[in-house]
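# The following comprises the amino acid sequence and a computationally predicted model.
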Amino acid sequence: MGQTREFDYVIIGAGSAGCVLANRLSAQRDRTVLLLEAGGTDRNPLFRVPIMTGTLLRQRYANWFYFTEPEPELGGRKIFWPRGRVLGGSSSINGMVYTRGLPLDYDGWAQTGLPEWSFQRVLPYFKRAEGSARGASAFHGADGPLRVTTASGRNPLYEAFVNAGSQAGFPRCDDFNGAQPEGFGRYDFTIAGGERWSSARAFLDPAKARPNLTIVTHAQATRVLVERGRAVGVEARVRGRMERFRCNGEVILSGGTVNSPAILLHSGIGDADQLLALGIDVAADVKGVGRNLQDHVLVRVEHACTQPITLHSMLRPDRAVLALAQALLFKTGPATSFPIEAGAFFRSNPALDTPDLQSHFLPGLSSMTLRLPFLRKPALGHYGHGFFANLYQLRPESRGEIALRSADPFDPPVIRPRYFSAARDRIVLRDGVKILRDVFAQKAFDAYRGAELAPGPDVRSDAEIEAWIRRTADTVFHPVGTCKMGTGPDAVVDEQLRVHGIAGLRVVDASIMPTIPSANTHAPTVMIAEKASDMILG
C-alpha cells in the first residue's frame, strides 16, 4: 500500500460530472482537490475529431466496454454498453448531441419532494455551463465553458427529413432547447471550431494548472473508506499499485450510472442482505443502490438511397484519410461534425400533452445494415447508399439494476436493464416505427427514397413489428438512475446528493436522476454537477 495523501475533496471519476466539479471546487484556492480517473488522458488528437465517435464507441481504447446480461425481452441478447474510460468520460466518446429534456422532466422531480430540482431551479445551471453560439437569451447562456453550436451540414437529406416531418403534420423546431422543444429540426452539438468539446476540454483543461488540483489517471477506485459512519477517503489501484487517499472534507462519487453504484456496494453501502451474501461488511443498509436503472432503447428505420449523396462516399480509404487529415490539420471538412444533425421530438399519439419519442437522422446506413471492414457481418447485408432515423421512447417505464458479480472490485458488475419489462415501452416504440415510415413516405423523400431495408417490406402487422423490435433493439447509451435522489426507501441520496446513512459522501452524476430526462443525457449531467458544486461549497 502506497503512502496516504490528504485532500479537502476527493472526486472519483473524471467524466461529464467529475470534470465540472474539479473545475468549480478547485476555483476555491484554499481547498485542495483530488480527481481520480480510471482511464488515461485525452491527449490523443483523435478525441478532438467529431467523426471518430463511431470508432471510439466500438473500441476498447478509452472504453469500459461493458455488456449487459442476456435480456429476456430481446431474445436473450447481450447488449453492448460502451462507457468512457478517459478524462472526459463518456463525453469524450459520445455523439455530442446537446439536449436538455423537457421542463416536465425536472418539474416531475420537484413534485416527488425535490423542489430544488424544478425546471425553474435548474435552468440557471444549464445556462451557466453553456457557451452557446446562439447567444444569451432566456433559455441559453453564452459565456459558459461548454461550447455549443447548431448543426449546419449541407447534405440535402437533412432538410428532406425536416421537410418530410412538416408534410406528415409535425411542427418545425428551430431550437430543441428553447421554449417549444417539439417537432423536426436541427440539433445543437458540443462541437466548436471543428472539434469536440468534452467536459475535459471545457472544464478540466482550464483548471489543470491550478496548484490545488491534483489529477491522477489510471487510478481505478475500489472502495470508499468509511469510519464510524463517515467517508474519510478512497482506496484505488493506481498503475497496478494499491493506494489510499484521505479526505478531510467530502468524497464525491462521479463514476457514472454503472460504476457509482458498484463502488458504493464494494464500500459496504447497499442492500445489507446482498452485501453479506458476498462477504462484504455493511457500512450502511441502503437498499436502493443499483436499482431504478433506466435507459433509452432504440430501433432504426432504414432505406436505400437512390442518389450518391450519403456517407457511403466516405468509406473509400483515400477519402476517409483525407477527411481525417483535413480535420486534424485545419479543423475543416466532413470529419468535423457528427452526422446525426437532424432529428425530432414528437408524440406517438396526438392526444398526449408532450412528446414521448425522439429521433436522430443520419444520411448513411447503420452497422446493422452496412458491410464495413473489421466489423462483424451485418444483419441485413446491404452495401451502398442509404439513410436511417433511429427512434426511442423518451420516458420508459421499464426498470433494471446494477449488481455485483463478486466481492472482487475488478470483476465487471452485473448489468440488467430489463428492457421492455414494461409492455407499454414496446408499444410506444412500435407506434413510433409506423410514424417514421409515414415520414419517409412523404414527398420530400421522393427523389431519394429507395427500398426499405429495416424493418423491411415483410414486417407490417403489429405483431411483426414488435417481433422485429425484440430482434434488433439496442441502447442509445443513456443509462441513469441507479443512485436515485429522493426520500423514499429506494432512494440513495437526498436533495443535496448526500448518501443516506453516510456522512461526507455525495454522488454527483447521471445515476442520481430519479427518472430519465426526455433527451440525450450529457447536458443534464453537466447541469447536475454545476448545481452540486454550489451545494458542496455552500
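Done, it's in. All values reported here derive from a predicted model rather than from experimental measurement.
# State which strand of the protein is the longest.
Taking DSSP state E as the criterion, the chain has its longest strand at strand 241-253.
# How far off centre is that strand?
From the chain centre to the centre of strand 241-253 is a distance of 26 Å (Cα atoms, centre = their mean, to the nearest Å).
# mean confidence score for the helix or strand just after that strand?
Next in sequence after strand 241-253, counting helices and strands by DSSP states H and E, comes helix 256-266. The pLDDT scores in helix 256-266 average 98.
# Using PDB, write out every CA atom in helix 256-266.
Extracted as PDB, the C-alpha positions of helix 256-266 are listed here (Å, rounded to 0.1, in the frame of the first residue of the first chain):
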ATOM      1  CA  GLY A 256     -21.500   7.100 -13.700                       C
ATOM      2  CA  THR A 257     -24.600   5.000 -13.700                       C
ATOM      3  CA  VAL A 258     -22.700   1.700 -13.800                       C
ATOM      4  CA  ASN A 259     -19.600   2.400 -11.700                       C
ATOM      5  CA  SER A 260     -21.000   4.700  -8.900                       C
ATOM      6  CA  PRO A 261     -23.400   2.000  -7.500                       C
ATOM      7  CA  ALA A 262     -20.700  -0.600  -7.900                       C
ATOM      8  CA  ILE A 263     -18.200   1.400  -5.900                       C
ATOM      9  CA  LEU A 264     -20.900   2.000  -3.200                       C
ATOM     10  CA  LEU A 265     -21.600  -1.700  -3.000                       C
ATOM     11  CA  HIS A 266     -17.900  -2.600  -2.700                       C
END
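# What is that helix packed up against?
The contact analysis (3 or more Cβ pairs under 8 Å, 6 or more residues apart in numbering; DSSP states H and E) places helix 256-266 against strand 219-227, strand 241-253, strand 401-403. In this view, the C-beta of every residue, glycine as well, is placed from N, C-alpha and C.
# Those: which one's closest to Glu341?
When the helices and strands packed on helix 256-266 are compared for distance to Glu341 using Cβ to Cβ, the nearest one is strand 401-403, at 32.9 Å.
# Give the partner strands of the closest one in its sheet and their orientations.
strand 414-416 (antiparallel) (DSSP bridges).
# Break down this protein into its helices, ranges please.
Taking DSSP state H as the criterion, the chain carries its helices at 18-26, 53-56, 103-111, 119-129, 156-167, 199, 256-266, 272-277, 317-330, 423-440, 462-472, 522-537.
# Which stretch among those is buried most, on average?
Highest mean neighbour count among those (mean count of other Cβ atoms under 10 Å): helix 199, with a mean of 34.
# residues in contact with that helix?
Contact partners of helix 199, identified using Cβ atoms under 8 Å, 6 or more residues apart in numbering, comprise Gly15, Ser16, Ala17, Gly18, Cys19, Val20, Gly88, Gly89, Ser91, Ser92, Leu146, Val526.
# Switch those over to a markdown table; also include pLDDT.
Output for the contacts of helix 199, formatted as a markdown table (pLDDT from 0 to 100):
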| residue | pLDDT |
| --- | --- |
| Gly15 | 98 |
| Ser16 | 98 |
| Ala17 | 98 |
| Gly18 | 98 |
| Cys19 | 98 |
| Val20 | 99 |
| Gly88 | 98 |
| Gly89 | 98 |
| Ser91 | 98 |
| Ser92 | 98 |
| Leu146 | 98 |
| Val526 | 98 |
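# Columns distance to Asp273 on top of those residues, output as JSON lines?
JSON lines is the format used below for the contacts of helix 199 (distance: Cβ to Cβ, whole Å):
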{"residue": "Gly15", "distance to Asp273": "31"}
{"residue": "Ser16", "distance to Asp273": "33"}
{"residue": "Ala17", "distance to Asp273": "30"}
{"residue": "Gly18", "distance to Asp273": "31"}
{"residue": "Cys19", "distance to Asp273": "36"}
{"residue": "Val20", "distance to Asp273": "36"}
{"residue": "Gly88", "distance to Asp273": "37"}
{"residue": "Gly89", "distance to Asp273": "32"}
{"residue": "Ser91", "distance to Asp273": "36"}
{"residue": "Ser92", "distance to Asp273": "38"}
{"residue": "Leu146", "distance to Asp273": "42"}
{"residue": "Val526", "distance to Asp273": "36"}
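# Next one, pLDDT for Trp374 please.
Wrong residue type there; residue 374 is Phe, not Trp. Here the pLDDT value assigned to Phe374 is 38.
# Now the terminal residues of stretch 268-282, how far apart.
4 Å (Cα to Cα, to the nearest Å).
# give me every residue that touches the closest residue to Ala407 other than its chain neighbours.
With sequence-adjacent residues excluded and distances taken as Cβ to Cβ, 6 or more residues apart in numbering, Ala407 is closest to Leu278, at 4.7 Å. Listed by Cβ under 8 Å, 6+ apart, the contact set of Leu278 reads Leu404, Ser406, Ala407.
# Check whether the last one really touches Ala277, as I assumed.
The one in question is Ala407. No: assessed by Cβ atoms under 8 Å, Ala407 is found out of contact with Ala277, at 9.8 Å.
# Common neighbours of the two, please.
By Cβ under 8 Å, 6+ apart, no residue touches both Ala407 and Ala277.
# if we can go back for a sec, and of the contacts of Leu278, the nearest to Val499?
Leu404 (17.2 Å).
# most packed of the helices and strands packed on helix 256-266?
Highest mean neighbour count among the helices and strands packed on helix 256-266 (mean count of other Cβ under 10 Å): strand 401-403, a mean of 23.
# And it, how far out from the chain middle?
18 Å.
# what's in contact with it?
Contacts of strand 401-403 (Cβ under 8 Å, 6+ apart): 257-258, 261-262, 265, 274, 290-293, 413-416, 418, 482.
# Quick one: mean pLDDT for it?
On average, strand 401-403 scores 98.
# you'd agree Ala133 is up against Val148?
Yes: between Ala133 and Val148 there is a contact at 6.7 Å, judged by Cβ under 8 Å.
# mind showing which ranges of the chain have poor pLDDT?
1-3, 367-382 (pLDDT under 70).
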